Structures are given as C-alpha cells and as structure tokens.
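Student: sequence-free structure coming up:
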C-alpha cells in the first residue's frame, strides 16, 4: 500500500501557503523587469537629449548676417562668404541682360538674412545676355531684311551699296555681323545692297590738248565725276584745253570714278 505520509507531504499546505515558484516563471519575470528598466532608461535619455542637450547645442551655433555678393565673380563671392563663416556653391548659370557673364545674379539665402555659421550658400551665376542669331538676309529686299531683324530684337544699321554680279539690283548682298553669327539683343546689323551688274570697264583715253568744256561734258555723259583744275586769265572758257589728266591715259576706269583734268592755255 502507498505510503500515506508521502502523499500528505505532496499536498499543498492547508494553511494557505503557495507552492514554490519554478525556474521558468522566474526567467519570465526577470525578462519583464529588465525590459521595463530599458524602456525607462531610453525614455529618460531621449527626454534629456531632446529637451536639454539638443537645444543647448543648437543655440550654441552662432548666427551671421548673409553678406551681399551680387555682381561679384564666383571667386570673390567665395572669399567674402568664407570671411563670414559660410561656404559657397554654384547652383545654376542663367542668361541675364544686365549682369555680366561670370557674375553673381542672386543667392540663397538672400543678402541681409541671419543664417547659421557654416551654412552652404547657393549662388546663381550669369551667363551674360541671351544671344541672338543673325538670320540669313542675302537676296532679301532691304525692307524685308529690316523687318526680319526687328522681329528678333535687332535693328538695321548702316546701309551701303555695291555692284554685284550674283545678286540682283535692290537685294541685300550680305550683312555685318554675318548670318548665323551670335550677337546681343538690340545690336545693329549693317547691310550691303546690290547695285546690280557692274558697268563694263573702260580705258582712260588721252584727252590732253582737247578743249576742256567738250572733254568734261563727254566724261560726265559716260558716268564719270569730273573736276576741272586751272584757269586762263583773259581767255574764254571754250578756249581752254586739257594740259594734264588723272588717271593717266591707258588706265582702267569704271563708271562713277572721279577724273581730274587740268586746264591750260592752248599752244
């Protein structure tokens, strides 16, 4: 028969005593206590850093006034910002009609603002005025060429005329600056207009000894500009003769050239 005394020892104490805890329940209880302690330490550390350490660290960084570096070169702006405890970087390069190429247009942050020392400042640099390409104008009428220039912000400047074997009379021969070249808005473009086919060349005749009035009239009829030098006192104009000429006889001349004849007394 089983031992009644042994059974009685195994039964819980009738006086209300609890059985002794096992090793598993002790381990769980320890983990819970350790976890709670870690959470409490983390929360305390976070509050200390967030509300005490960080504000003091932030307020300990000095503030400086952002200097005005507009229209400076990048190098000059960099030195000016460094002297104020700031750093510089190029953010963009854009055309500007008023700020020369290679100069600062604007900054971020703007001049005069209070900023933290050591901050990076973005500089927008100028690439100069936005350039305009001269359009092809050859063989356009003068009026059409002027309108084309006006439509892109350019204007026609000096207009000169020249003979051309290739371009019909009244049309543009070429422009200066030439077509496809880049120029600033508002620039002036000079134009050369064709007078048509050049007149045939002629050989200057020897007119010495001829009467001045007849030679002058003949040369003018042929399109030359004639100047007469020299007078003979006491004689009628019709009695004067050519004693010298320029260009000399035999030289090639073209319609519109100047001819000088020297009048003198007939031998």
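Tutor: Structure's in. What do you need? Please read all numbers here as calculations on a predicted model, not as lab measurements. Residues are numbered from 1 along each chain as shown.

Student: so what's residue 121 bridging to?
Tutor: When bridges are assigned using DSSP bridges, the partners listed for residue 121 are residue 88.

Student: pLDDT wise, what is it at?
Tutor: Note on residue 121: pLDDT of 96.

Student: That one against residue 91, yeah?
Tutor: No: contact status for residue 121 versus residue 91: not in contact, 9.2 Å apart, counting by Cβ atoms under 8 Å. No exception for glycine: its C-beta is placed from N, CA and C like everyone else's.

Student: Quickly list what's touching both of the two.
Tutor: residue 108 (Cβ atoms under 8 Å, 6 or more residues apart in numbering).

Student: What pLDDT does the model give the residue nearest the centre of the chain?
Tutor: For the chain, the residue lying nearest the average C-alpha position, counting by Cα atoms, centre = their mean, turns out to be residue 128 (3.1 Å). Turning to residue 128, the model gives it a pLDDT of 88.

Student: What count of nearby residues applies to the nearest residue to it once chain neighbours are set aside?
Tutor: Excluding the flanking residues, the one nearest residue 128 by Cβ to Cβ, 6 or more residues apart in numbering is residue 101, at 3.3 Å. Using other Cβ atoms under 10 Å, residue 101 is surrounded by 12 other residues.

Student: pretty sure the residue nearest to the centre of the chain belongs to a strand, no?
Tutor: No: inclusion of residue 128 in a strand is not indicated when DSSP: H, G, I helix; E, B strand; the rest coil is applied; the result is coil.

Student: And it, its phi and psi?
Tutor: For residue 128, the backbone dihedrals (degrees, to the nearest 10) come out as phi 90, psi -180.

Student: wait, it sits on residue 105?
Tutor: No: taking Cβ under 8 Å as the contact criterion, residue 128 and residue 105 are not neighbours in contact, 10.8 Å apart.

Student: Quickly list what's touching both of those two.
Tutor: 96, 99.

Student: Please identify which of residue 121 and residue 91 sits among more neighbours.
Tutor: With other Cβ under 10 Å as the criterion, residue 121 and residue 91 differ in neighbour count, and residue 121 comes out ahead with 21 against 15.

Student: any idea how far the more buried one lies from residue 104?
Tutor: Going from residue 121 to residue 104 by Cβ to Cβ, to the nearest Å gives 10 Å.

Student: now swap in residue 250 and tell me
Tutor: Computed with Cβ to Cβ, the distance linking residue 250 and residue 104 is 68 Å.

Student: Settle it for me: which of the two has more neighbours?
Tutor: The residue with the greater number of neighbours, taking residue 250 and residue 104 and applying other Cβ under 10 Å, is residue 104; the counts read 22 against 9.

Student: a strand runs through residue 82, doesn't it?
Tutor: No: residue state for residue 82 (three-state DSSP) corresponds to helix; a strand is not indicated.

Student: What is the burial count for it?
Tutor: The burial metric for residue 82, expressed as a neighbour count using other Cβ under 10 Å, is 11.

Student: start the count at 10, not 1, going forward
Tutor: Got it, the first residue is 10 from now on, which makes the last one we talked about residue 91.

Student: Now for the residue nearest to it when sequence neighbours are not counted: which residues touch it?
Tutor: Of all residues beyond its chain neighbours, the one nearest residue 91 is residue 97 (7.6 Å), with distances taken as Cβ to Cβ, 6+ apart. Going by Cβ under 8 Å, 6+ apart, residue 97 touches 83, 86, 87, 90, 91, 129, 130, 132.

Student: and of those residues, the nearest to residue 70?
Tutor: Distances from residue 70 to these, taken as Cβ to Cβ, are shortest for residue 129 (14.2 Å).

Student: How much space separates the closest residue to that closest one other than its chain neighbours from residue 87?
Tutor: With Cβ to Cβ, 6+ apart as the measure, residue 96 is the residue that lies nearest to residue 129, at 4.9 Å, once sequence neighbours are left out. With distances taken as Cβ to Cβ, residue 96 is found 8 Å from residue 87.

Student: Compare these two and say which one has the larger neighbour count.
Tutor: More neighbours surround residue 87 than the other of residue 96 and residue 87, with 19 against 11 (other Cβ under 10 Å).
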